[in-house]
Each structure stands twice: as C-alpha cells, then as structure tokens.
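Peer 1: My questions concern the predicted model and sequence given below.
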Amino acid sequence: MYATDSYTTSPQTRRTRPSRSTYLPPHLRNTNPHSTFSDHTPNSYTPDSPTHRFPPTRGRAPPRGRGRGRGRGRTYLPRIRPTFHSNPDPNPFEIFEKFDDLEISESEENTGINYDVYDDIPVEASGSDIPEPANSFNEIDLGKALNDNIKRCKYVKPTPVQRYAIPVVMAGRDLMACAQTGSGKTAAFCFPIISGILKHCNVGLGSSVNHSGVASPFALILSPTRELSCQIHEEARKFSYDTGIKVAVAYGGTPITHQLHKLEKGVDILVATPGRLLDMIERAKISLKKIKYLALDEADRMLDMGFERQIRKVVEQMGMPPPGVRQTMLFSATFPNDIQRLATDFLSNYIFLTVGKVGSSTELIAQRVEFVQDINKRDRLMNLLVEQSAKENNGKRALTLIFVETKRGADSMEGWLCRNGFQATAIHGDKAQMERERALRSFKTGARPILVATDVAARGLDVPHVTHVINYDLPKDIDDYVHRIGRTGRAGKSGLATAFFCDKNSPLAKSLVQLMQEAKQRVPSWLTQYAETSASYGSSRSYRHGGSKFGGHDFRNATNMGGGSDYYSSAYANQAAYGEPCIAPSGAFTSYYSADAGFPVASVDSYAAGAYGYPYNHGSLVAGAWN
Ligand SMILES: Nc1ncnc2c1ncn2[C@@H]1O[C@H](COP(=O)(O)OP(=O)(O)OP(=O)(O)O)[C@@H](O)[C@H]1O
C-alpha cells in the first residue's frame with residue numbers, strides 16, 4: 001500500500017437524493033437490515049485525493065523463459081479432462097467446446113496477444129491507500145483453480161488494466177476504472193470476484209438458493225445489452241470452470257421460464273441486463289441481499305439517461321447491501337465527468353484508475369476519415385468492400401462491421417449488400433432476440449463476414465478477427481465513436497476504422513480531430529478546417545464533458561482543476577518515469593518518479609509532493625486550480 005494520506009469523509013461530499021416510491025417484492029419486505037439506505041456509508045473522497053502515476057512497464061517485465069520460439073521449451077502437461085462432479089453447471093460441454101484445448105500450458109506461444117504494445121502505457125490512480133500493481137498473475141493470490149483457468153485461457157500475463165485493477169479489488173476497495181477498448185476489462189472484474197467468492201463465500205453448500213427457490217447470488221454483473229451479458233456470462237463460466245461457482249445470465253427478449261429454471265438450481269454470479277433482472281426480483285425469484293460484489297460493465301452507459309432509473313432501482317431499492325458493505329466496481333473505456341459524479345452514489349472510498357490514454361482509441365487502430373456526401377456513401381462503401389475482398393488472401397476471411405444510424409437503415413443496407421453479392425447480416429434493437437443472436441453467430445463464424453449494426457453492437461462485443469469498422473453514419477457523441485471503433489484492434493491486435501464524414505457531422509469535427517491526434521493518426525486538413533470553423537467549439541457533449549480529455553480523469557480532481565486540462569502525452573509520462581521532476585504542459589499535473597520507491601510518488605496534490613521531499617513547482621499551475 002502507498003500510505004500517503006489519511007482522508008476522512010467530507011460532509012459536503014455527502015449526497016442525498018429525494019426518496020422515490022419504492023416497490024419491494026413481498027419476499028424482501030422487512031427482512032433485510034440494509035433495505036433502507038438513508039444512512040448508507042458516505043463517499044469518503046476529498047476533492048484533493050492524490051493521483052498516482054505509475055511508471056511504464058518497460059524493463060520491469062519478468063524475464064522470459066526459454067519457451068519462446070517455435071517448438072522450444074513448450075510445456076506439455078497431461079491433458080486435463082473436465083471433472084464435472086465439482087462443477088454443477090448444467091451444461092458443462094458448452095464450456096468444453098469453448099476451451100479449444102483444456103491442456104494447461106505456460107507457453108507464450110499461441111496466445112495471440114502482443115503484450116509489448118502495453119509497455120509504455122500511462123497509468124494514473126487516485127484515491128487513498130492505493131494497492132500496488134501486480135506484474136504477473138502469480139503475484140496475486142487468486143487461488144489455484146482460477147490460476148489454472150487463466151492458463152487454460154492462454155492468458156500469459158495480465159494486461160495493464162488487470163495489473164492495476166485486480167489488486168485494488170482484492171484489497172477490498174471500490175473501483176472506478178477507465179481503460180481502452182479491448183484491453184481486458186472483463187477479466188479485470190471477473191477474476192477478483194471469482195477469487196473472492198471462493199475465499200469468502202460458501203460455494204456449493206446450497207447457499208445460493210433457498211427452500212422457496214429464491215436465488216441469492218454473491219455477485220451481480222450488470223451490462224447494457226443482451227449480447228454483452230451473454231458474452232460476459234460465457235467468459236465468467238470459463239474463468240469459473242471446475243471451481244463449483246455457478247454462473248447464470250438473465251436478459252430480455254427470450255422466454256423468462258428457461259432462465260428462471262436455471263436460477264432455481266442456484267447461482268453465485270449473476271450476469272444481467274437491468275430490465276430482466278428487475279422482472280425476476282419482482283417475481284421473487286432473485287434476492288440481492290447477499291450481494292458482495294457489484295460490477296457495472298460499460299458503467300457510463302449504464303448510468304446515462306437510458307438506464308439510470310433502472311440501475312438506481314436495482315442498486316438502491318431492492319435490498320442490496322449498501323456501499324461499504326458490498327464492493328462496487330465500475331468499468332468502461334469512457335467516463336464523462338457528469339456520469340462519474342452520478343456514480344459516486346454507488347461507491348464508497350473508491351479508487352479511480354485510468355489505464356492508457358483513456359477514452360481515446362488505441363494506437364493499434366488506424367483511423368481514416370473520408371469526406372463522403374450522403375448520396376455517394378453507398379458507392380464509396382461498395383468500392384471499399386470490393387478493394388477489401390481483393391486483398392483478402394490466404395483463404396482468411398476478415399470481418400467487417402458497418403455502423404449505421406437507424407434500425408431501418410441497417411435493414412435496408414443488409415438487403416442492398418446481399419443483393420449486390422456480399423454476405424451480410426444485420427443486428428439492431430427491433431430484431432427478435434433469436435434473430436439478433438443468429439446474426440451475431442453468423443458474423444462471428446465468418447458465414448456472414450459483414451455485419452451491419454446500430455449502436456446495439458457498439459459496446460463491449462469481443463469478436464476476434466474484426467479487422468475493419470466502417471462508420472457509414474458517424475455517431476453524434478465522440479464516446480460512441482470510441483466504443484464503435486474499439487470493436488477492432490483488440491487485445492494487442494491492429495485494426496482499421498474508416499468513417500464517412502459529411503456536413504451534418506461537423507459538430508463532431510473538433511473532438512474527432514483531437515481524438516485522432518491523441519492516437520497519433522494523420523488528420524486530413526479539410527477535417528482540421530471543419531474543426532476550426534464548425535459549431536463544435538463550445539458544443540457541450542461533443543467533446544469530453546467537464547473538460548477532462550477522453551473521459552480519463554478522476555472528476556474529483558478534474559473539478560478542482562477547473563477543467564480543460566490536457567491529458568499528458570506518452571513523452572510526458574516517460575519523462576516522469578525516468579526520474580525527472582516535470583510539469584505537465586498545461587499545468588495539469590506535477591509528477592515525480594522516485595527511483596528509491598520504484599513508483600511515482602507525487603501527483604496533483606501539493607501536499608503529496610511536499611511529503612516526499614521533492615521540489616514542487618507551482619509556477620505553471622492553472623490559476624485557481626487548487627481551490
Ligand atoms: N491477460 C490477457 N491475456 C491475453 N488475452 C487477454 C487477456 N485479458 C483479456 N484478453 C482477451 O482480450 C480480449 C478483449 O478483452 P475484453 O473483452 O475484456 O476487453 P474490454 O476491455 O472489456 O473491451 P471493451 O471496452 O470493448 O468492452 C478478449 O478476447 C480477451 O479474451
């Protein structure tokens with residue numbers, strides 16, 4: 001732990017909300033000591049919570065063994081047959097299929113992930129007593145069963161968000177984490193949940209379902225879309241394989257009876273979309289009173305206008321233990337300040353973590369923006385697809401994801417592509433759930449290598465081999481653009497994102513230019529001109545609400561900095577990392593790296609800098625930044 005400070009709850013930070021009329025299902029009434037939360041643990045942040053920068057990992061990675069190189073040092077272990085007696089999962093063969101090979105291997109071969117791309121990634125953490133990051137999975141006490149599954153997944157070492165986030169949650173802390181798309185956030189919240197349940201809960205003793213058939217999971221993972229819930233469910237099942245932990249999923253659009261039937265067999269980790277979950281709670285099929293871990297994936301989306309009411313109901317009015325009793329984790333690639341502020345209602349003394357130039361696209365994604373008038377878009381798309389199929393050789397099918405604005409547009413585009421000889425399918429919110437699942441499956445398998453989608457497919461979906469994302473219609477919000485293009489360039493792989501820009505997209509121009517510059521992309525001069533002249537200047541949601549760039553700052557500090565502060569560049573991070581006291585170009589941060597301590601010890605907090613005896617330069621700070 002970095003015992004850098006001792007913070008007490010600031011009374012001003014305590015937020016109260018008007019009470020709402022609350023429906024409590026019969027089975028929850030007067031039974032739960034936590035069912036009224038008027039005195040819940042307040043958020044114990046102070047606006048001047050310290051921010052820590054961590055050095056890049058370059059040079060600190062554990063030495064590679066002799067296992068590199070074809071055929072050398074590969075560890076062959078006896079093939080493990082699944083032993084289903086200890087895993088009461090109703091359909092274990094699904095899992096067997098997912099593990100293409102259940103052999104446990106230490107080899108770095110076949111992992112398919114280029115960990116080197118993460119070496120220089122900048123990391124910031126703010127809050128009190130921040131646990132130290134881990135360099136390897138072995139350094140974290142995850143338990144043998146989970147470690148075996150990590151090896152089965154061929155995860156050789158943690159991605160940066162995993163290195164930093166897992167120790168935070170394992171230390172019992174709440175977390176708001178912001179990390180680039182495709183950087184492994186799912187495992188970052190699943191691993192500590194699984195490990196915690198194995199250590200602290202009575203798994204397998206029938207505790208997760210009572211005699212009246214009400215299931216009481218220990219962990220709840222909420223996500224905004226049905227497909228993402230299914231994906232997290234599959235991941236969590238893989239990670240829990242052979243541990244005895246039961247994972248279930250609840251999402252709408254399919255008959256509830258099948259899902260209820262599964263719940264009756266018990267559930268330790270429930271992955272759900274909010275609407276279906278509320279339905280199940282109201283039918284007295286799920287109780288939240290034993291929840292120890294609550295994770296919100298795509299947390300900014302979960303708390304924006306579309307979902308906030310439902311999330312509040314689930315978290316605050318359905319008997320779930322309050323913040324401080326349960327542990328809460330919020331993850332996303334983007335975190336606007338206004339949403340961060342809302343989220344504090346669900347958190348207690350949390351750590352805010354940003355990994356990477358957060359909210360920005362990774363540099364692994366090559367971004368191209370073309371000026372195309374609406375009337376010419378189909379022609380241009382056709383040319384792109386023809387060029388692309390000409391390049392596809394080696395019999396390998398690359399997958400292309402095309403984003404359009406409307407559901408009708410998606411259907412019409414699907415029909416047009418098919419009529420023109422392309423194997424396309426479409427996914428959007430008006431399709432029946434079975435059709436949605438069929439579309440996604442045929443895309444994933446390559447049977448239909450072109451998927452036309454609305455934003456329903458923008459967040460979280462992890463489809464390997466998506467090499468090209470085309471924004472046929474650009475979204476209105478830059479965060480949506482970040483999530484959309486993040487369907488490619490995942491897990492260290494590279495990808496291409498093409499956007500068709502026309503006059504009506506000019507409000508997005510400024511944020512698009514800044515995003516592209518952050519990701520070191522070539523920005524066409526016409527787009528820069530649009531950015532300079534368009535109404536995007538001063539436009540509210542188009543560019544990083546609250547002024548913090550790419551949603552990557554702890555709003556507790558950002559509000560104190562008067563907003564508008566620049567995120568530091570890699571060069572700046574490196575400067576800090578190599579031991580030089582330095583001032584961020586915009587005066588946003590002061591950061592030092594201590595050779596003795598091995599980590600950066602000072603940050604935005606002048607007290608923190610002073611405390612470690614380093615010179616502190618107020619010279620370039622933004623006026624009023626510390627008030
Ligand atoms: N430590 C690891 N080693 C190798 N691969 C990993 C590791 N962690 C995650 N992955 C793989 O990286 C891919 C992306 O992970 P994941 O879907 O969790 O990303 P994400 O950060 O949640 O993305 P998004 O922001 O789009 O939701 C997945 O295919 C996952 O299996």
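Peer 2: Good, I have the coordinates. Residues are numbered from 1 along each chain as shown.
Peer 1: can you confirm residue 369 is in a strand?
Peer 2: Yes: secondary structure of residue 369 (DSSP: H, G, I helix; E, B strand; the rest coil): part of a strand.
Peer 1: Could you count how many residues lie near it?
Peer 2: Applying other CB atoms under 10 Å, we find 24 other residues in the vicinity of residue 369. Using the backbone N, CA and C atoms, a C-beta is placed for each residue, glycine as well.
Peer 1: Do you know the pLDDT at the residue lying closest to it once chain neighbours are set aside?
Peer 2: Excluding the flanking residues, the one nearest residue 369 by CB to CB, 6 or more residues apart in numbering is residue 499, at 4.8 Å. Reported pLDDT at residue 499 in the predicted model: 97.
Peer 1: what does the one 10 residues further on give?
Peer 2: According to the model's per-residue confidence, residue 509 sits at a pLDDT of 95.
Peer 1: I figured it was touching residue 534, is that so?
Peer 2: Yes: applying CB atoms under 8 Å, one finds residue 509 in contact with residue 534, separated by 4.9 Å.
Peer 1: rewinding a little: what residues are bridge-paired with the residue nearest to residue 369?
Peer 2: Counting by DSSP bridges, residue 499 forms beta bridges with residue 369, residue 471.
Peer 1: quick revisit: out of residue 509 and residue 534, which sits in the more crowded spot?
Peer 2: residue 509 (27 against 18).
Peer 1: what does this protein have sitting close to the ligand?
Peer 2: 111, 113, 155, 158-159, 162, 179, 181-187, 333, 460, 462, 486, 490-491 (CB under 6 Å from any ligand atom).
Peer 1: hmm, 5 Å instead?
Peer 2: Neighbours of the ligand within the chain, by CB under 5 Å from any ligand atom: 113, 155, 159, 181-187, 333, 460, 462, 486, 490-491.
Peer 1: dump the residue contacts of residue 431.
Peer 2: Contact analysis of residue 431 by CB atoms under 8 Å, 6 or more residues apart in numbering lists residue 439.
Peer 1: Can you pull the poorly scored residue ranges out of the stretch 151-300 of the chain?
Peer 2: 204-208 (pLDDT under 70).
Peer 1: just the helices in it please.
Peer 2: 160-170, 185-200, 226-240, 256-264, 274-282, 299-302 (DSSP state H, counting those that start in this stretch).
Peer 1: buried stuff in the second one?
Peer 2: Residues of helix 185-200 classed as buried by neighbour count (16 or more other CB atoms under 10 Å): 185-198.
Peer 1: Next step: the residues of the chain next to the ligand restricted to strands.
Peer 2: With DSSP state E as the criterion, strands contain none of these.
Peer 1: For residue 250, give the beta-bridge partners.
Peer 2: residue 272.
Peer 1: where's it relative to residue 177, distance?
Peer 2: Separation of residue 250 from residue 177 (CB to CB, to the nearest Å): 24 Å.
Peer 1: which one of those two has more residues nearby?
Peer 2: residue 250 (30 against 27).
Peer 1: so what's the more buried one up against?
Peer 2: Contacts of residue 250 (CB under 8 Å, 6+ apart): 229, 259, 263, 270-273, 276-277, 280, 286.
Peer 1: Quick check, residue 405 in contact with residue 458.
Peer 2: No: counting by CB under 8 Å, residue 405 sits too far from residue 458 to count as a contact (11.8 Å).
Peer 1: shared neighbours of the two, anything?
Peer 2: residue 475.
Peer 1: okay, those two: which has more neighbours?
Peer 2: residue 458 (26 against 15).
Peer 1: from memory the more buried one sits against residue 485, does it?
Peer 2: No: Residue 458 is not in contact with residue 485 according to CB under 8 Å; the separation is 9.3 Å.
Peer 1: Could you tell me which ranges of the chain sit under the pLDDT cut-off?
Peer 2: For the chain (pLDDT under 70), the answer is 1-119, 204-208, 357-361, 391-397, 535-552, 558-627.
Peer 1: Now for the closest residue to the ligand within the stretch 201-350 of the chain, how many residues are close by?
Peer 2: Nearest to the ligand in the stretch 201-350 of the chain, going by CB to the nearest ligand atom, is residue 333, at a distance of 4.3 Å. Other residues lying near residue 333 total 31 when counted by other CB under 10 Å.
Peer 1: Touching, it and residue 161? I think so.
Peer 2: No: if you go by CB under 8 Å, residue 333 and residue 161 don't touch, sitting 9.9 Å apart.
Peer 1: Give the residues shared as contacts by these two.
Peer 2: 179, 183, 185.
Peer 1: who are the neighbours in contact with the residue nearest to residue 355 when sequence neighbours are not counted?
Peer 2: Closest residue to residue 355 apart from its sequence neighbours, by CB to CB, 6+ apart: residue 179 at 4.0 Å. With contact taken as CB under 8 Å, 6+ apart, residue 179 is in contact with 160-161, 165, 185, 188, 331, 333, 353-356, 358.
Peer 1: Now list the buried members of the residues you listed.
Peer 2: 160-161, 165, 185, 188, 331, 333, 353-356, 358.
Peer 1: quick one: which of the residues you listed is nearest to the ligand?
Peer 2: residue 185 (3.5 Å).
Peer 1: what about that closest one, distance to residue 178?
Peer 2: Counting by CB to CB, the gap between residue 185 and residue 178 amounts to 9 Å.
Peer 1: In the stretch 351-500 of the chain, what residue comes closest to the ligand?
Peer 2: For the stretch 351-500 of the chain, CB to the nearest ligand atom, closest residue to the ligand: residue 491, 3.3 Å.
Peer 1: could you redo the buried residues of helix 185-200 as TSV and give each row distance to residue 241?
Peer 2: Shown next, in TSV, are those (distance: CB to CB, whole Å):
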residue	distance to residue 241
185	20
186	15
187	14
188	18
189	17
190	12
191	13
192	17
193	15
194	10
195	14
196	17
197	14
198	12
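Peer 1: the helices in the stretch 451-600 of the chain, which residues?
Peer 2: All helices of the stretch 451-600 of the chain, identified by DSSP H, counting those that start in this stretch, fall at 478-485, 509-518, 525-533, 555-558, 570-577.
Peer 1: Show me what counts as buried in the longest one.
Peer 2: Right, helix 509-518. For helix 509-518, by 16+ other CB under 10 Å, it's 509-516, 518.
Peer 1: between the residues you listed, which is nearest the ligand?
Peer 2: residue 515 (15.4 Å).
Peer 1: Is that closest one in contact with residue 482, as I believe?
Peer 2: Yes: Residue 515 is in contact with residue 482 according to CB under 8 Å; the separation is 7.0 Å.
Peer 1: Contacts for stretch 223-236, please.
Peer 2: By CB under 8 Å, 6+ apart, stretch 223-236 touches 98, 186-187, 190, 194, 221, 247-253, 269, 271-273, 296-298, 301-302, 306-307, 427, 433, 436-437, 440, 456-457, 459-462.
Peer 1: Please type out the PyMOL selection for whichever of the residues you listed turn out to be buried.
Peer 2: Restricted to buried positions by 16+ other CB under 10 Å, the PyMOL selection for those reads:
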select buried, resi 186+187+190+194+221+247+248+249+250+251+252+253+269+271+272+273+296+297+298+301+302+307+427+436+437+440+456+457+459+460+461+462
